[in-house]
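S.K.: Sharing a model that was predicted from the sequence below.
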Amino acid sequence: MSLDKDTVREIARLARLRVPEEDLDGLAGELSRILDWVEQLDEVDTDGIDPMSSVAEVTLPARDDAVNDGADPERVLANAPDRVDDYYAVPKVVEQ
């Protein structure tokens, strides 16, 4: 697929990118080569292939999803940016 300068200019406008006029020809060539490569991928037969989220067989470690009351305030508040006693301190967001 070959893109012209006007098409690249429109793509840049839609993407809210400012592309100088002198860069449009080079960008059109690069985008055309990328689209050609993507079109080649369409030729690959993927019938019968299950989708995968990773190319490596990895099982992520899991923990029991147990409900608790967080009875350890020191541990619960360890990452709090600011705290007062056993509570999170947050900036006031209500204006008067």
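M.R.: It's in. Residues are numbered from 1 along each chain as shown.
S.K.: which residues of this protein fall in strands?
M.R.: 83-84, 87-88 (DSSP state E).
S.K.: In its sheet, which strands sit next to the first one, and in what direction?
M.R.: Strand 83-84 has the following strand partners under DSSP bridges: strand 87-88 (antiparallel).
S.K.: who's in contact with the strand it pairs with?
M.R.: 77, 80, 82 (Cβ atoms under 8 Å, 6 or more residues apart in numbering). C-beta here means a position set from N, CA and C on the backbone, and glycine is covered the same way.
S.K.: Count residues in the vicinity of the first one, would you?
M.R.: Which is residue 77. Here the number of neighbours of residue 77 (other Cβ atoms under 10 Å) works out to 16.
S.K.: Residue 85 is in contact with that one, correct?
M.R.: No. Using Cβ atoms under 8 Å, residue 77 is not in contact with residue 85; the gap is 9.4 Å.
S.K.: chain center to the worst-scoring helix or strand of the chain on mean pLDDT, what's the gap?
M.R.: Ranking every helix and strand in the chain by mean pLDDT, DSSP states H and E puts helix 73-76 at the bottom, with a mean of 83. Helix 73-76 has its average C-alpha position 32 Å from the chain's average C-alpha position, going by Cα atoms, centre = their mean, to the nearest Å.
S.K.: which residues touch it?
M.R.: Contacts for helix 73-76 (Cβ under 8 Å, 6+ apart): 70, 86.
S.K.: Restricting to C-alpha, output it in PDB.
M.R.: Output of helix 73-76 as PDB, limited to C-alpha atoms (Å, rounded to 0.1, in the frame of the first residue of the first chain):
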ATOM      1  CA  PRO A  73      -2.300  -0.800  60.500                       C
ATOM      2  CA  GLU A  74       1.500  -0.400  60.400                       C
ATOM      3  CA  ARG A  75       1.800  -2.700  57.400                       C
ATOM      4  CA  VAL A  76      -1.300  -1.300  55.700                       C
END
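S.K.: Provide a list of residues in contact with residue 89.
M.R.: 80, 82-83.
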